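Chemist: Sharing a model that was predicted from the sequence below.
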Amino acid sequence: MTAQSASLQTPPVQPATARDIVLEVKDLSLGFRNADGLLPIVTDVSFSIAKGEAVALVGESGCGKSITASAIMGIAPDNAEIGGTIILNGTPISGLPPKERRKLCGRHMGFIFQEPMTALHPTLSIGRQMTDTLRHNLGLSHAAATDRAAELLDRVGIPRARDILKGYVHELSGGMRQRVMIALAISCGPSLIIADEPTTALDVTIQAQVLDLLDDMRRELNLAMLFITHDLEVVGDFCDRAVVMYAGDVVERGLSADVVRSPAHPYARGLIDAVPGHDDNRTRLTPILGTVPPVGQWPQGCRFAPRCSRADAKCQTRPALEAHIRSDVRCWYPLEAAQ
């Protein structure tokens, strides 16, 4: 079963109750302190994720997706200054001391990195890395942790789990490495998984397998998942809701099916038009002209205005994120329907 067929068979997402919410991010802002002052990176990011729900953070490289995830996990650089509120399972965690915050990683929040070759230790066996995590977070004995690690590898579809535990990351294929990362992320029973572009380095066939596995794990374990990607096509197949970011701003937020089929923000529309095969009637792709402005060089007003064909003098004032037809949009001239 592909990720697309799985999503088509899934019933519509039901409104979450307060009791269902695992992660709530309110007005998150982050900047880096340097010799010249505070350099803003992301501003006023807000979203929530319920049990069993996948929410995507979408945008080009440099839009602030990964640093937002780092702020949630508590692994942002030391010179980062973070404002706003992060609530995990009903408890505010953004103000916790670093030592207390680190205790949440693994046990309550799991992280799937983009590149396992840099995330996994090259000189420690797969088994050592998994059992150390299990013993530290769950207090298991070495034997119990080894049994649990083998069960986890088997659960994510890795054959000969006991043999793999004795091996090293460089001995595995890209797809197998990412399966090990998924096993590590779910190993201690977290309620939230953050997946930072987990399929970027994989070929198309393996991408589909990893997405299917993530989808299965999310539904089986009733996990809340934050899925970071630049690919809106994947979002439409895999995620329930989408948060589109541009230059540190949330520019559109809504159900993923609505954002993909009928985006209201010109930037979201541009991401869709740049995807090969999205519209079978097109003979050429339509790229978004220009590039994301460097941090610290954001234009006044709408940050997308220099690249937007609809921009005028009004766009020199920053628009608010407001409810539109199907989604929340930060734009003075949102699109009324799919174009």
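Modeler: Yep, it's here.
Chemist: any low-confidence regions in the stretch 151-300 of the chain?
Modeler: Along the stretch 151-300 of the chain, segments meeting pLDDT under 70 span 277-283.
Chemist: mind listing the strands for it?
Modeler: Here the stretch 151-300 of the chain has its strands, by DSSP state E, counting those that start in this stretch, at 192-196, 224-229, 241-246, 249-255.
Chemist: As JSON lines, the ones you listed with mean neighbour count and distance to residue 40 would be great.
Modeler: Where C-beta positions appear, they are placed from N, C-alpha and C, glycine not excepted. Rendered in JSON lines, the data for those read as follows (neighbours: other Cβ atoms under 10 Å; distance: least, Cβ to Cβ, whole Å):
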{"stretch": "strand 192-196", "mean neighbour count": "24", "distance to residue 40": "21"}
{"stretch": "strand 224-229", "mean neighbour count": "26", "distance to residue 40": "20"}
{"stretch": "strand 241-246", "mean neighbour count": "26", "distance to residue 40": "14"}
{"stretch": "strand 249-255", "mean neighbour count": "24", "distance to residue 40": "10"}
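Chemist: want to throw those strands into CSV with distance to residue 102?
Modeler: Shown next, in CSV, are the strands of the stretch 151-300 of the chain (distance: least, Cβ to Cβ, whole Å):
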stretch, distance to residue 102
strand 192-196, 15
strand 224-229, 19
strand 241-246, 26
strand 249-255, 27
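Chemist: just so I know, which of those lies nearest residue 288?
Modeler: With Cβ to Cβ as the criterion, residue 288 lies closest to strand 241-246 of the strands of the stretch 151-300 of the chain, at 10.0 Å.
Chemist: So which elements touch the closest one?
Modeler: Secondary structure elements in contact with strand 241-246, counted by 3 or more Cβ pairs under 8 Å, 6 or more residues apart in numbering; DSSP states H and E, are strand 37-50, strand 54-58, strand 249-255, helix 256-261, helix 266-273.
Chemist: residues making contact with it?
Modeler: Outside strand 241-246, the residues within contact range by Cβ atoms under 8 Å, 6 or more residues apart in numbering are 13, 42, 45, 47, 53-60, 63-65, 68, 232, 235, 250-256, 259-260, 263, 265, 267-268, 271, 292, 303-304.
Chemist: Of these, which qualify as buried by neighbour count?
Modeler: Buried members of the contacts of strand 241-246, counted by 16 or more other Cβ atoms under 10 Å: 13, 42, 45, 47, 53-60, 63-65, 68, 232, 235, 250-256, 259-260, 263, 265, 267-268, 271, 292, 303-304.
Chemist: Report the angle between the helix of greatest length in the chain and strand 224-229.
Modeler: Ranked by residue count and defined by DSSP state H, the top helix of the chain is helix 204-221. Inter-element angle recorded for helix 204-221 and strand 224-229: 160 degrees (by axes from the mean of the first three to the mean of the last three Cα atoms, to 10 degrees).
Chemist: Please name every helix or strand in contact with helix 204-221.
Modeler: Contacts defined by 3+ Cβ pairs under 8 Å, 6+ apart place helix 204-221 against helix 3-9, helix 174-186, strand 192-196, strand 224-229, helix 232-238.
Chemist: Sheet partners, orientation included, of the third one?
Modeler: Partner strands and pairing direction for strand 192-196 (DSSP bridges) are strand 109-112 (parallel), strand 224-229 (parallel).
Chemist: quick check: mean pLDDT across the shortest one?
Modeler: Over the span of strand 109-112, the pLDDT mean works out to 95.
Chemist: Give me the contact list for the following helix or strand past it.
Modeler: Counting by DSSP states H and E, the next helix or strand C-terminal to strand 109-112 is helix 116-119. Helix 116-119 has contacts (Cβ under 8 Å, 6+ apart) with 113, 169, 170, 174, 177, 178, 180, 181.
Chemist: Just list the residues touching the residue lying closest to the second one once chain neighbours are set aside, thanks.
Modeler: When you say that, I think you mean residue 169. Using Cβ to Cβ, 6 or more residues apart in numbering and skipping residues adjacent in sequence, the residue nearest residue 169 is residue 120, 4.3 Å away. Residues near residue 120 by Cβ under 8 Å, 6+ apart: 126, 129, 169, 177, 180, 181.
Chemist: Farthest pair within those?
Modeler: 129 and 177 (11.8 Å).
Chemist: where do the helices sit along the stretch 51-200 of the chain?
Modeler: For the stretch 51-200 of the chain, the helices defined by DSSP state H, counting those that start in this stretch occupy 65-73, 98-102, 116-119, 126-138, 142-155, 161-165, 174-186.
Chemist: just those: most buried one?
Modeler: Among these, helix 174-186 has the highest mean neighbour count (mean count of other Cβ atoms under 10 Å), at a mean of 24.
Chemist: Counting by contacts, list what that helix packs against.
Modeler: On a contact count with 3+ Cβ pairs under 8 Å, 6+ apart, helix 174-186 meets strand 109-112, helix 116-119, helix 126-138, helix 142-155, strand 192-196, helix 204-221.
Chemist: how about that helix as PDB, C-alpha atoms only?
Modeler: C-alpha atoms of helix 174-186 as PDB (Å, rounded to 0.1, in the frame of the first residue of the first chain):
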ATOM      1  CA  GLY A 174      19.900   4.400   3.100                       C
ATOM      2  CA  GLY A 175      16.500   2.900   3.600                       C
ATOM      3  CA  MET A 176      17.700   0.600   6.400                       C
ATOM      4  CA  ARG A 177      19.400   3.500   8.200                       C
ATOM      5  CA  GLN A 178      16.200   5.500   8.200                       C
ATOM      6  CA  ARG A 179      14.300   2.500   9.500                       C
ATOM      7  CA  VAL A 180      16.800   2.400  12.400                       C
ATOM      8  CA  MET A 181      16.200   6.100  13.000                       C
ATOM      9  CA  ILE A 182      12.500   5.500  13.100                       C
ATOM     10  CA  ALA A 183      13.000   2.600  15.500                       C
ATOM     11  CA  LEU A 184      15.100   4.800  17.800                       C
ATOM     12  CA  ALA A 185      12.500   7.600  17.600                       C
ATOM     13  CA  ILE A 186       9.600   5.400  18.800                       C
END
